[in-house]
Structure formats: structure tokens, C-alpha cells
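[1] Take this sequence and fold it.
(one chain, ligands or ions: 1)
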Amino acid sequence: VADSGVIADPKLAALSARYGDIAVPEAGPWNPTIGGLLGHRSVRGYVGTPLPEGTLETLVAAAQSASTSSNLQTWSVIAVHDAGRKARLAKITGNQKHIEECPLFLAWLADLSRLERTGIAANVPVESLPYTENFLIAVVDAALAAQNAVVAAESLGLYTVYIGALRNDPVASARELGLPPHVMAVFGLCVGYAKPEAASAVKPRLPQGAVLHHDTYDASREQALRQQYDATLAAYSRQHDMAHASWTDRLVTRVASPKGLNGRDRMRQWLEAIGFPLR
Ligand SMILES: Cc1cc2nc3c(=O)[nH]c(=O)nc-3n(C[C@H](O)[C@H](O)[C@H](O)COP(=O)(O)O)c2cc1C
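    Okay, here's the model as predicted:
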């Protein structure tokens with residue numbers, strides 16, 4: 001720690017921000033790419049400044065560089081430009097205003113429709129389409145692609161926030177985005193420059209011992225680590241004027257009953273309605 005109280009070592013500073021001072025892991029190799037990853041934070045307020053020309057295409061190139069199951073590339077992305085459409089999508093998400101503010105809003109799609117069209121064009125049956133495994137492949141592909149775009153955006157000094165609330169009503173989201181059957185908007189993503197008042201801090205995560213296991217699963221230290229994390233996150237929330245319910249309390253609310261899913265307990269029916277019967 002330098003005289004100013006600022007941690008001089010960028011690796012230690014990044015790890016302390018990510019885990020809190022009492023849970024800094026013994027991380028080894030380090031470079032600016034890893035430093036960038038550890039600096040991630042979601043931002044929920046954007047200035048209207050447009051992105052440099054070609055940014056969308058750069059982000060999509062990064063996204064398409066992610067691994068993809070069997071090179072099937074079962075995802076697509078829609079860049080939503082129309083202000084009216086953004087407003088209607090924001091309504092689906094419980095009025096998340098950052099969707100309307102951000103200069104680039106991306107809807108990331110699990111997309112099995114290309115597989116279907118390819119099968120139909122080749123005049124072969126498409127009987128594997130409704131199987132859960134294909135849905136999983138498409139969702140995983142979409143998530144990996146999107147996260148590559150997030151990392152690329154952050155490396156350019158942009159900020160992002162995922163918008164899972166497009167799943168508040170996947171049928172309405174599909175209608176708004178003109179999706180064919182067998183395509184689901186898995187989440188949205190706001191991209192842009194942060195409003196000064198929306199600048200956020202790195203949010204601490206669970207101590208590594210809670211998520212990292214060796215050889216076999218071991219939750220024996222989990223309760224103690226969770227309590228430790230509750231304290232770390234409470235301090236973070238106090239410092240950043242955020243809601244004070246502990247992380248454990250929020251998890252408990254989430255898991256106690258289907259109500260904790262905030263209406264998304266109907267996901268199976270919605271998926272069926274947009275062409276994912278999930279066999
Ligand atoms: C799939 C996914 C969906 C999310 N959906 C929303 C959302 O609808 N609205 C929102 O404000 N944040 C959303 N988030 C952001 C998370 O709340 C955020 O990542 C988490 O609180 C950790 O904070 P951090 O990203 O700043 O580290 C989502 C994140 C993910 C990964």
C-alpha cells in the first residue's frame with residue numbers, strides 16, 4: 001500500500017476489489033487482459049454519445065470468435081436501432097431506461113431456426129430440433145458470443161449491462177424482434193459510454209473457495225465463506241448506497257417459492273410457444 005492508501009500493485013488492487021481485502025486469492029500469472037476482465041462492472045446509465053463507426057461490426061467479430069458447439073453457430077444477434085422498438089422492449093423489462101439511453105442495444109438470440117432452414121433446404125427431416133440438448137447448445141453459444149462482445153467492448157472503454165429481463169416475456173420479446181419459431185432472445189445487452197452518475201464499482205464475488213473445487217465437490221466450508229461474503233457485500237452496499245438485504249437473504253427469497261422467479265416460473269410454457277418444446 002502506497003502512502004496515499006492506494007494499492008500500488010495493479011494485480012493486488014484488482015483482486016482486492018473483486019474479492020474484498022480478506023479473501024484475496026493467491027493468483028499467479030497476470031497481464032492487462034486479465035486486469036481488464038477483473039475490472040468488469042455493469043453500468044445502468046448511458047450518455048447519448050454515438051459509438052465510433054464500425055464498433056458494432058468489431059463487437060460481432062469478437063462474438064463470432066468465441067468457441068461454438070460443433071461449430072454449429074446456433075446464435076444470432078439483433079442490433080436494435082429503432083427508438084420505438086427500444087421503448088417497447090424496455091417496457092417488457094420493467095422499464096429499464098438504460099435500454100432507451102444506450103447508443104447500442106443488442107438482443108442475443110439462441111437460434112435453431114438456421115439449422116431448421118438448412119435441413120429443410122437440404123430436404124432432410126429436422127427431428128432433433130425440439131430436443132433439450134439443442135436448446136442448451138444454442139443458449140450456451142449465445143452466452144459465450146455475448147460475453148466475448150462484452151470483453152471487447154470493455155477493452156474499448158465502453159460499458160455494458162446484460163438485460164435478462166427480456167425473458168420477463170419471451171413471447172412478447174420474440175414478437176417485438178420479429179423472431180421466427182425456434183429462436184429465443186436469451187438476453188439483451190446495453191453498450192455505451194457511462195453517465196458520470198452511473199459510474200459503478202467492481203462488485204465483489206464469492207470467495208474462490210465457494211466456487212472452486214479440487215477433484216470432487218466439497219461444500220464443507222461453504223457456510224463460513226457465504227457469511228464472509230455477506231459481510232464483504234454488505235460493506236460494498238453501504239459504501240455505494242445500495243440495497244442492504246444480505247446476499248444470503250436475497251438467495252433465500254429467490255429459492256423459497258416459484259414467486260422468487262418474478263413471473264418467469266412460466267418459462268416452460270413460453271418456450272413451448274416460441275418453438276422449444278424441449279424433449
Ligand atoms: C444473463 C444476465 C442477465 C442480467 N440481467 C440484468 C437485467 O435485466 N438488468 C440489470 O440491471 N442487470 C442485469 N444483469 C447484470 C447483473 O445484475 C450483474 O452482472 C450482477 O449484479 C453483477 O454485477 P457486475 O456485472 O457489475 O459485476 C444481468 C446479468 C446477466 C449475466
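[2] Residue of the stretch 1-150 of the chain closest to the ligand, please.
    S42 (3.6 Å; C-beta to the nearest ligand atom). In short, each C-beta sits where N, CA and C put it, glycine included.
[3] What is the burial count for the closest residue in space to D265 that isn't next to it in sequence?
    Counting by C-beta to C-beta, 6 or more residues apart in numbering, P258 is the residue found nearest to D265 once chain neighbours are left out, at 3.8 Å. Other residues lying near P258 total 11 when counted by other C-beta atoms under 10 Å.
[4] Same question for F276.
    Look at F276: counted by other C-beta under 10 Å, it has 26 neighbours.
[5] Distance of it relative to D265?
    16 Å (C-beta to C-beta, to the nearest Å).
[6] go on, A110?
    From A110 across to D265, the span is 20 Å (C-beta to C-beta).
[7] quick one, which of these two is more surrounded?
    The neighbour count for A110 versus D265, taken as other C-beta under 10 Å, is higher for A110 (25 against 12).
[8] quick one: contacts for that one?
    Applying C-beta atoms under 8 Å, 6 or more residues apart in numbering, one finds that A110 lies in contact with 74-75, 135, 138-139, 141-142, 183-184, 186.
[9] what about the helix or strand where A234 lies, average pLDDT?
    A234 belongs to helix 222-239 when assigned by DSSP states H and E. Helix 222-239 carries an average pLDDT of 95.
[10] List the buried residues of that helix.
    225-226, 228-229, 232-233, 236-237 (16 or more other C-beta atoms under 10 Å).
[11] What helices and strands are in contact with it?
    With contacts taken as 3 or more C-beta pairs under 8 Å, 6 or more residues apart in numbering; DSSP states H and E, helix 222-239 sits against helix 208-211, helix 247-256.
[12] hmm, back to that, tabulate the contacts of A110 (JSON lines), appending secondary structure and neighbour count.
    Formatted as JSON lines, the contacts of A110 follow (DSSP: H, G, I helix; E, B strand; the rest coil; neighbours: other C-beta atoms under 10 Å):
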{"residue": "T74", "secondary structure": "coil", "neighbour count": "27"}
{"residue": "W75", "secondary structure": "strand", "neighbour count": "28"}
{"residue": "F135", "secondary structure": "helix", "neighbour count": "22"}
{"residue": "A138", "secondary structure": "helix", "neighbour count": "29"}
{"residue": "V139", "secondary structure": "helix", "neighbour count": "19"}
{"residue": "D141", "secondary structure": "helix", "neighbour count": "25"}
{"residue": "A142", "secondary structure": "helix", "neighbour count": "26"}
{"residue": "V183", "secondary structure": "strand", "neighbour count": "25"}
{"residue": "M184", "secondary structure": "strand", "neighbour count": "27"}
{"residue": "V186", "secondary structure": "strand", "neighbour count": "24"}
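[13] Please tabulate the residues you listed in TSV and include pLDDT as additional columns.
    Formatted as TSV, the contacts of A110 follow (pLDDT from 0 to 100):
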residue	pLDDT
T74	98
W75	98
F135	98
A138	98
V139	98
D141	98
A142	99
V183	98
M184	98
V186	98
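[14] how deep is the closest residue to R167 other than its chain neighbours tucked in, by neighbour count?
    Closest residue to R167 apart from its sequence neighbours, by C-beta to C-beta, 6+ apart: R264 at 6.0 Å. The number of residues packed near R264 is 15, by other C-beta under 10 Å.
[15] do A199 as well
    Residues contacting A199 under the criterion other C-beta under 10 Å number 11.
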